[in-house]
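1. Just the structure for this:
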Amino acid sequence: SLSSVRWTWSRVALRRPAMWMPVVSPLYHMMTRSEPLIIREYYQPSAPDPVLEPDLVLSLVRRHLPQATAVTAVDESGGEARSYYIDADVVMKVQRPPQLRSWTSLEKEVVFLRQIAQDDPALPVPRVLGYGREGTVEYTCLTRMAGDAAVRTPIPEAIRHKTLSDLGRTVRRVHAIQQAPLRESGLFPEEFTPDDLRQSIREDITDLAGRLAAQGVDWPLAMPAAQVADKLASLVPERTVAIALHTNPGPTHTFVDAASGRFTGLIDFGDAYIGHPVFDLWQWGDPEDRQAVLDGYLAAGPVDPSFSPLWQVAEVISDLVAIVRDRPYKARSAAHLAQLAAAW
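-> So this is what the prediction gives:
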């Protein structure tokens, strides 16, 4: 249903079925990598995927950090990259050959993180210690983020709003860095046109309605799905802003302190693209969590007029996804969805 989506890559417009270019609607980007709605196209899916020997890992790291002493762990939880932990505070990320694709780029992450370090060095994100290639191995050396991913670490209810608001404030600061160097790098795909987005909304709503029907679940609104799609499409403004987005500052990439649940930082900028800020704020599916992230984001001041209508679109899609995927908070999502529709 996403065949009409257009991306620009190094200033060249591409349309499916481009064999090498992955295409994904931002309306589904908060969904997990196992979700079939995300289209994953890799250059060489059958390529060998060896775990590097510790001696090789250390030899690469020592090019940038001569004092490195030991590989302490290998993290296999990532998708496109494998992470090697060095001593107590360094991580080396290596592009996994079978999952090489245009969408994800270690080089792009380096460009993004270096720009953040230049413009806002106090931001709690990894710092680049080095980047390079050795034969077929592409790697980055980064500082290791304190804490652990929120997806693995419960956040106490007493501080949950503050933790997610702090995330929202961090995302707002990420959005405030200089954009010209990122665009000029040629590494960041650009979002589609307003007409493409309207078409994508219609197709996405149709797809979600079909999934609910296949599950034997009633459409949750009195307004038919086709009318909901038209309503959301009508909210897309002709003029929008576009900046470099993290793309998925959700529970997998939001780090919190294991003991307190407080926000410690944001990792993994390799899927970044140029798009509307709204699409960096809805990866937390629970409406209450999403509002907390938004509260932090808006605390820094006014946003572009295009923000409010596109936020409505994002919230409706997010609530529908929660229902389709039978999330534990789906009842809150359904109630929130009804409130949104009642205001139309």
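
2. Quick check: the gap between the nearest residue to Tyr273 once chain neighbours are set aside and Val128.
-> Distances taken as Cβ to Cβ, 6 or more residues apart in numbering put Pro189 closest to Tyr273, at 4.4 Å, once the chain neighbours are dropped. Just so you know, the C-beta spots here come from the backbone N, C-alpha and C atoms, and that holds for glycine as well. Here the criterion is Cβ to Cβ, to the nearest Å. By it, Pro189 lies 21 Å from Val128.

3. Next: Val111.
-> Noted for Val111: a distance of 9 Å to Val128, by Cβ to Cβ.

4. So for these two, which sits in the more crowded spot?
-> Neighbour comparison, Val111 and Val128: the larger count goes to Val111, with 23 against 19 (by other Cβ atoms under 10 Å).

5. any idea which element the more buried one lies in?
-> Taking DSSP states H and E as the definition, Val111 sits inside helix 106-119.

6. looking at this, Leu197 is in a helix?
-> Yes. Under DSSP: H, G, I helix; E, B strand; the rest coil, Leu197 falls within a helix.

7. tally of neighbours for the residue nearest to Tyr273?
-> The burial metric for Pro189, expressed as a neighbour count using other Cβ under 10 Å, is 23.

8. Next: Phe255.
-> Applying the criterion other Cβ under 10 Å, we find 25 residues in the vicinity of Phe255.

9. so it, which of the three states?
-> Taking three-state DSSP, the label given to Phe255 is strand.

10. what about the residue nearest to Tyr273, distance to Arg262?
-> Applying Cβ to Cβ, one obtains 33 Å for the distance of Pro189 from Arg262.

11. Can you give me the pLDDT of the residue nearest to Tyr273?
-> pLDDT recorded at Pro189 is 88.

12. before we move on, what about Gly135?
-> Predicted confidence (pLDDT) at Gly135: the value is 86.

13. got it, and Asp75?
-> Asp75 is assigned a pLDDT of 87 by the prediction.

14. And Gly130, its phi and psi?
-> When read as degrees, to the nearest 10, the backbone of Gly130 gives phi 180, psi 160.

15. who's in contact with it?
-> Contacts here follow Cβ atoms under 8 Å, 6 or more residues apart in numbering; on that basis Gly130 touches Val61, Arg63, His64, Leu65, Thr140, Cys141.

16. Emit the PyMOL select command for whichever of those residues are buried.
-> Buried residues within those, by 16 or more other Cβ atoms under 10 Å, are selected in PyMOL with:
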select buried, resi 61+64+65+140+141
